[in-house]
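>>> Here you go, sequence then predicted model.
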Amino acid sequence: MFYRRLKVWFLNNWVKLLIVTAVVLLIFFTIVGLASLESFYLNLTLATLPLQLLMAALNAVIFVYLYMTVFRGGFSQMKKNKVKSSFVNVTFSDIIGLEQAKREAWEVVQLITDRSRLKAIGGKILRGLLMVGPPGCGKTMLAKAIATEAKVPFLSLAGSEFVEVFVGVGASRMRKLFKQARQLAYAEGACIVFIDEIEVIGRGRTFSYMGGGEETNSTQNQLLVEMDGLGSRAENVIVMGATNAAEGVLDKALLRPGRFDRKLYIDKPNLKEREELYRYYLSKVKHDPELDIGHLARKSVSKSPADIENVIKEAALVAMRQSKEQVEYVDMSKAIERIELGIEHRKDMIPREREMVAYHEAGHLVILYLLHPTDDVFKASIISRGGALGVVHHSPREETFTENRQAMMANIKVALAGYAAEKLRFNTTSTGVASDFQNAMAVAHNMVWRIGMGGNGFLGDFAFLPESQISESLKERLNAETEKIMKECFQDTDRVLKQNRNILDRFVKELLEKEELDYDAIDAIFAEYGKAHPVPGTNKPLDKLPASIEAPAPQLLPASAPDQAEKKSEGSFRKSRSKAAPKIRSKRTRPAR
């Protein structure tokens, strides 16, 4: 192994050794020559020596620049971050959560470390490992941990480093990268090449109508050849790729066995892992020892480790602004609100408009609390945040990944509640209902057109079919069913609000006085009217249970299913941007998936 390392070092540095040897010999013969000169010629030579050295250095710089640019592919040079495994210093124990991904990654480490035994029985080391998952979930850290545990060199690059305006540069850089990786693998036994954001060069190849293709096609072709081409590769070079895009975006040739043999799917942390993340990041700041970490974890559904770290950083800033010596629970809550809802700023509104905003948000609040099977109210506010004049923030009781018909109907009812409350109180409505209507129509449309939840008996995803293959009569029946769902939901919403008008007016009064209500205050008001939610596992409302039983903690709403991405803040009361055609932007009330 020492001979291999020495050989690789000599191959990489023979030019430098040759230059140093030539310079030393030149200096030696110069001294010998000067010693043999007479005093006059010696002084003349010494006087002109600085100018001669300056001219020689200038000529050398010009020559080296032209040589590196023209003959050594200067444009194709790239920065390869060679990192020794001992310098990475990230182990599996340093990674919080990702238990399933770490188990699969440990198998990769064993294949690398036991490569001699694997070769003895006729097996081959894997060529590639693709890590797929949302951003901020630890893909890069997991790659570093694999390199540390396997004790092999680690080359880290980004996919964008292969993209240049000059055609062919990306392929040239790819060849040089793998040349260096093979040398390191020859010297150290194996080498890991980590390419972050690999979809930049790995997406499906495209060609123009004239037969040409994009510049990234040649880069990807070179990557395919280097990973598993015609040439025999005795060196153990493992390519690790990380991407936030869907797996189907990548080219099929890149995903086949022999290239990316293994795939690691990294998801966002679950409840237990979120608790561990909060403990880890809170240990880095001064915080209240009585802080309810479990409560925070339940409120952080669908948050990545990077999101949780950002919440704690923001909480530290909030505590610092208020001259506190440690981070408290109220600071954490304000940090979540600021990140999710934006910075609050109060607007000067006339009393009628402010009251209309309060009724709008109170309508969302009442219907959400009374009719929604899975969600609770995390916060209700009539303080302007971003482009919204008010907001009702959802909080799921449990971490779910799909929605049934009852939940989707409840989503529509909650979206229509602001409209119904305005109409009930003022007998008119405002432009603030525009985004609510968009959300409600999107849910109802998907129920009928895509997932067979309409009441007309039609099954299938009609949105998948080309529009030319759907008859006009079928479109009319589907759209009529969508409108039927909207009307049924509005009738139920209007009926519930009329039956609970006293509760609606009470919340309007509280919002006008306090401007914001959190979950505990909302639940206490419902308990006064005997409408509090029962504790899971019992039939007793919260106000009739023993004091030792606590109410379920609120959580942030997960964006679990694709259709949930369209369910935004039903509590957004927006101002119109144009009198003729108001354009209302909907604000999300939960983390994006």
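Received it, and whenever you're ready, just let me know what you need. Since the model is a prediction, treat every value here as computed from it, not as a measurement.
>>> When you work out contacts or count neighbours from here on, use the C-alpha atoms and nothing else.
Fine.
>>> Now do stretch 117-129: distance to the chain's middle.
Using Cα atoms, centre = their mean, to the nearest Å, we find the averaged C-alpha position of stretch 117-129 to lie 33 Å away from the chain's own average C-alpha position.
>>> Any buried residues in it, and which?
Under the neighbour-count criterion of 16 or more other Cα atoms under 10 Å, stretch 117-129 has 125, 126, 127, 128, 129 buried.
>>> The strand or helix carrying residue 317 - contacts with which helices or strands?
Per DSSP states H and E: residue 317 is located in helix 305-321. On a contact count with 3 or more Cα pairs under 8 Å, 6 or more residues apart in numbering; DSSP states H and E, helix 305-321 meets helix 271-282, helix 329-341.
>>> name the element residue 377 belongs to?
With secondary structure defined by DSSP H and E, residue 377 is part of strand 375-381.
>>> residues making contact with that strand?
Here strand 375-381 makes contact (Cα atoms under 8 Å, 6 or more residues apart in numbering) with 361-362, 365, 368-369, 390-397, 511, 515-519, 522, 554-557.
>>> Go again with 6 Å.
369, 390-397, 515-519, 554 (Cα atoms under 6 Å, 6 or more residues apart in numbering).
>>> Equivalent analysis for stretch 317-337, please.
With contacts defined as Cα under 6 Å, 6+ apart, stretch 317-337 is touched by 286, 287, 288, 291, 311, 314, 315, 316.
>>> closest to residue 55 among those?
Of all the contacts of stretch 317-337, residue 55 sits closest to residue 314, with 57.8 Å by Cα to Cα.
>>> Quick one: buried ones out of the contacts of stretch 317-337?
Burial by neighbour count, judged by 16+ other Cα under 10 Å, picks out 287, 311, 314, 315, 316 from the contacts of stretch 317-337.
>>> picking that back up, which strands and helices sit next to the next helix or strand after the strand holding residue 377?
Taking DSSP H and E as the definition, the helix or strand that follows strand 375-381 towards the C-terminus is strand 391-396. Here strand 391-396 is seen to pack against strand 375-381 when contacts are counted using 3 or more Cα pairs under 6 Å, 6 or more residues apart in numbering; DSSP states H and E.
>>> repeat that with 7 Å
helix 351-371, strand 375-381 (3 or more Cα pairs under 7 Å, 6 or more residues apart in numbering; DSSP states H and E).
>>> Nearest to residue 217, out of these?
For residue 217, the closest of these is strand 375-381, at 47.2 Å, according to Cα to Cα.
>>> Note down every partner strand of that closest one and its orientation.
Strand 375-381 pairs in its sheet with strand 391-396 (antiparallel), strand 516-518 (antiparallel), by DSSP bridges.
>>> Rounded mean pLDDT for it, please.
For strand 375-381, mean pLDDT is 84.
>>> Then stretch 50-65?
Stretch 50-65 comes out with an average pLDDT of 80.
>>> Dump the C-alpha coordinates for it into CSV.
Taking C-alpha atoms only, stretch 50-65 is exported to CSV below (Å, rounded to 0.1, in the frame of the first residue of the first chain):
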residue,chain,number,x,y,z
PRO,A,50,17.1,42.2,-10.9
LEU,A,51,15.8,43.5,-14.3
GLN,A,52,16.7,40.2,-15.9
LEU,A,53,14.9,38.2,-13.2
LEU,A,54,11.8,40.4,-13.6
MET,A,55,11.7,39.9,-17.4
ALA,A,56,12.3,36.2,-16.9
ALA,A,57,9.4,36.0,-14.3
LEU,A,58,7.1,37.9,-16.6
ASN,A,59,7.9,35.6,-19.6
ALA,A,60,7.4,32.6,-17.3
VAL,A,61,4.0,33.8,-16.1
ILE,A,62,2.8,34.4,-19.7
PHE,A,63,4.1,31.0,-20.9
VAL,A,64,2.5,29.1,-17.9
TYR,A,65,-0.9,30.9,-18.5
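>>> Contacts only, for residue 31.
In this structure, residue 31 makes contact with no residue, judged by Cα atoms under 7 Å, 6 or more residues apart in numbering.
>>> what comes up buried for the longest helix along the chain?
Identified as the longest helix of the chain according to DSSP state H is helix 2-35. Of the residues in helix 2-35, 5, 8 count as buried by neighbour count, 16+ other Cα under 10 Å.
>>> right, and the helix or strand after that helix?
Elements were assigned by DSSP H and E; along the chain past helix 2-35, the next helix or strand is helix 39-66.
>>> Doesn't residue 131 belong to a helix?
No: looking at residue 131 with DSSP: H, G, I helix; E, B strand; the rest coil, it is strand, so not inside a helix.
>>> Might you report the residue contacts of residue 371?
Contacts for residue 371 (Cα under 7 Å, 6+ apart) come out as residue 410.
>>> Can you give me the domain assignment for the protein?
Per the record, the chain has its domains at 2-75, 81-265, 271-341, 351-566, by automatic domain parsing.
>>> Centre of the chain to the shortest one, how far?
Same thing as domain 271-341. Here domain 271-341 is found 19 Å from its chain centre; the criterion is Cα atoms, centre = their mean.
>>> out of the helices and strands packed on strand 391-396, nearest to residue 477?
Distances from residue 477 to each of those were compared using Cα to Cα; the minimum, 28.1 Å, belongs to helix 351-371.
>>> tally of neighbours for residue 94?
Neighbourhood size, residue 94 [other Cα atoms under 10 Å]: 11.
>>> Buried ones in the helix or strand hosting residue 473, by neighbour count?
Of the helices and strands defined by DSSP H and E, residue 473 is found in helix 472-499. Across helix 472-499, burial judged by 16+ other Cα under 10 Å covers 478, 479, 481, 482, 485, 486, 489, 490, 493, 494, 496, 497.
>>> can you put those residues in a markdown table and add pLDDT and distance to residue 192?
Shown next, in a markdown table, are the buried residues of helix 472-499 (pLDDT from 0 to 100; distance: Cα to Cα, whole Å):
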| residue | pLDDT | distance to residue 192 |
| --- | --- | --- |
| 478 | 90 | 54 |
| 479 | 91 | 55 |
| 481 | 92 | 56 |
| 482 | 92 | 54 |
| 485 | 93 | 56 |
| 486 | 94 | 56 |
| 489 | 94 | 57 |
| 490 | 94 | 59 |
| 493 | 93 | 59 |
| 494 | 93 | 62 |
| 496 | 93 | 62 |
| 497 | 93 | 62 |
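>>> Quick check: the farthest pair among these?
The largest separation in the buried residues of helix 472-499, counting by Cα to Cα, is between 478 and 497 at 28.9 Å.
>>> what residues are up against residue 275?
Neighbour list for residue 275: 293, 294, 297 [criterion: Cα under 7 Å, 6+ apart].
>>> how near is residue 405 to residue 472?
According to Cα to Cα, to the nearest Å, residue 405 stands 27 Å off from residue 472.
>>> same deal with residue 382?
Distance, residue 382 to residue 472, by Cα to Cα: 44 Å.
>>> again with residue 221
For residue 221, the distance to residue 472 equals 47 Å [Cα to Cα].
>>> if we look at stretch 114-127, which residues are touching it?
Here stretch 114-127 makes contact (Cα under 7 Å, 6+ apart) with 111, 112, 227, 237, 238, 239, 258, 259, 260, 261.
>>> Nearest spatial neighbour of residue 450, chain-adjacent residues omitted?
Computed as Cα to Cα, 6 or more residues apart in numbering, the closest residue to residue 450 that is not its neighbour in sequence is residue 461, at 4.0 Å.
>>> Pretty sure that neighbour sits against residue 454.
No: using Cα atoms under 7 Å, residue 461 and residue 454 do not qualify as a contacting pair, with a distance of 11.7 Å.
>>> higher neighbour count, these two?
Higher neighbour count among residue 461 and residue 454: residue 454, with 21 against 14, using other Cα under 10 Å.
>>> check contacts around the more buried one.
Residues in contact with residue 454 (Cα under 7 Å, 6+ apart) are 447, 448, 481.
>>> what's the weakest-modelled helix or strand in the protein?
For the chain, using mean pLDDT, DSSP states H and E, the weakest element among its helices and strands is strand 81-83, scoring a mean of 50.
>>> any idea which helix or strand comes after the strand or helix carrying residue 187?
Under the criterion DSSP H and E, the helix or strand holding residue 187 is helix 169-188. Scanning forward in sequence from helix 169-188 by DSSP H and E, the next helix or strand is strand 191-196.
>>> I appreciate the help and will end here.
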